[in-house]
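1. Make a model of this:
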Amino acid sequence: MTKQTKVVVAGASGKMGSEALRMVEKHDDLTLVGCVDLQHTGMQVKEVEGLPKFDAYFYDNIDTCFESVDADVLIDLTSPKVGYKHTKTAILNGVRPVVGTTGFSNEELKELTELAKEQKIGAVIAPNFAMGAVLMMQFSKWAAKHFPDVEIIEKHHDQKLDAPSGTAVKTAELIQEERTQKKQGHPDEEETIKGARGADFDGMRIHSMRLPGLVAHQEVVFGGPGENLTIKHDSFHRQSFMSGIKFAIDHVLHLDELVYGLEHLMMD
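-> The predicted structure follows:
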């Protein structure tokens with residue numbers, strides 16, 4: 001009989017969360033034991049229209065959920081403030097978090113990393129769980145050795161709260177590791193409308209677009225004498241993130257520390 005991993009999904013009523021429920025349903029080695037969401041408190045998942053037919057219940061806070069169910073893994077797909085609390089609570093309760101929430105501060109990431117190390121428990125926080133997006137970030141890091149002039153254009157749906165996206169920030173950080181620092185553009189450049197040139201990250205520019213109809217898209221555009229190199233990734237459906245979440249679940253069970261970025265697991 002296949003050993004099952006007991007999963008809690010936070011943000012289960014959202015578009016990403018409901019997709020995660022469908023991912024759990026498809027895998028025989030996963031079983032849903034609870035959901036955390038402000039909606040549907042006290043209801044079983046199967047009672048909510050459009051969600052899989054699970055017997056697991058909705059809880060309105062993470063503490064009550066962990067007191068009520070025995071869980072191995074928390075999938076958190078909420079917001080930065082809530083996701084930070086959920087991740088910390090999970091680690092303290094011996095539950096391994098797999099977190100797709102972006103927007104954590106460096107101080108929060110440091111605290112969570114140290115806490116996971118103290119508790120000797122695995123955790124995965126990834127700015128993007130789409131495998132193609134992770135490869136896009138790694139290819140961009142490689143290209144930055146040869147093309148130091150670069151701009152990032154990220155496009156997301158208009159309900160996204162943070163800008164720039166966690167993926168764009170992570171991409172810029174990876175590029176920064178390889179790129180010779182420089183201030184791009186003309187030295188006398190002037191924005192006649194503030195913000196026209198986008199956010200300034202170590203001299204490179206990040207542009208955020210928010211529109212209905214988009215899901216998650218990013219272009220990393222490098223410029224050189226007489227040529228451009230564009231590395232692009234598009235997520236057209238939230239299914240694109242589920243293979244990465246399942247991949248992270250399989251790995252987090254064998255970790256004793258926090259890993260930030262799916263690429264570190266993909267390189268093993």
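
2. Okay, now the unreliable bits of the protein?
-> Scanning the chain for pLDDT under 70 picks out the ranges 1-2, 268.

3. which residue lies farthest from the center of it?
-> The C-alpha centroid of the chain is most remote from residue 188, which lies 37.2 Å away (Cα atoms, centre = their mean).

4. And what about that one, helix, strand or coil?
-> coil (DSSP: H, G, I helix; E, B strand; the rest coil).

5. Ok, the one 4 residues further on next?
-> For residue 192, the reduced secondary structure class is coil; criterion used: three-state DSSP.

6. where along the stretch 1-150 of the chain do the helices fall?
-> Ranges of helices within the stretch 1-150 of the chain are 15-26, 62-68, 80-92, 106-119, 131-144, based on DSSP state H, counting those that start in this stretch.

7. how near is residue 119 to residue 262?
-> To residue 262, residue 119 is 22 Å away according to Cβ to Cβ, to the nearest Å. Heads up, the C-betas are built off the backbone N, CA and C, glycines and all.

8. More neighbours: which of those two?
-> Each of residue 119 and residue 262 had its neighbours counted (other Cβ atoms under 10 Å), and the higher figure belongs to residue 262 (27 against 16).

9. Just give the nearest non-adjacent residue to the more buried one, would you?
-> In space, and not counting its chain neighbours, residue 262 is closest to residue 126: 4.4 Å by Cβ to Cβ, 6 or more residues apart in numbering.

10. where's the one you found relative to residue 100, distance?
-> Distance, residue 126 to residue 100, using Cβ to Cβ: 6 Å.

11. if you count what's nearby, which of these two comes out ahead?
-> Applying other Cβ under 10 Å to residue 126 and residue 100 shows that residue 126 carries more neighbours, namely 28 against 25.
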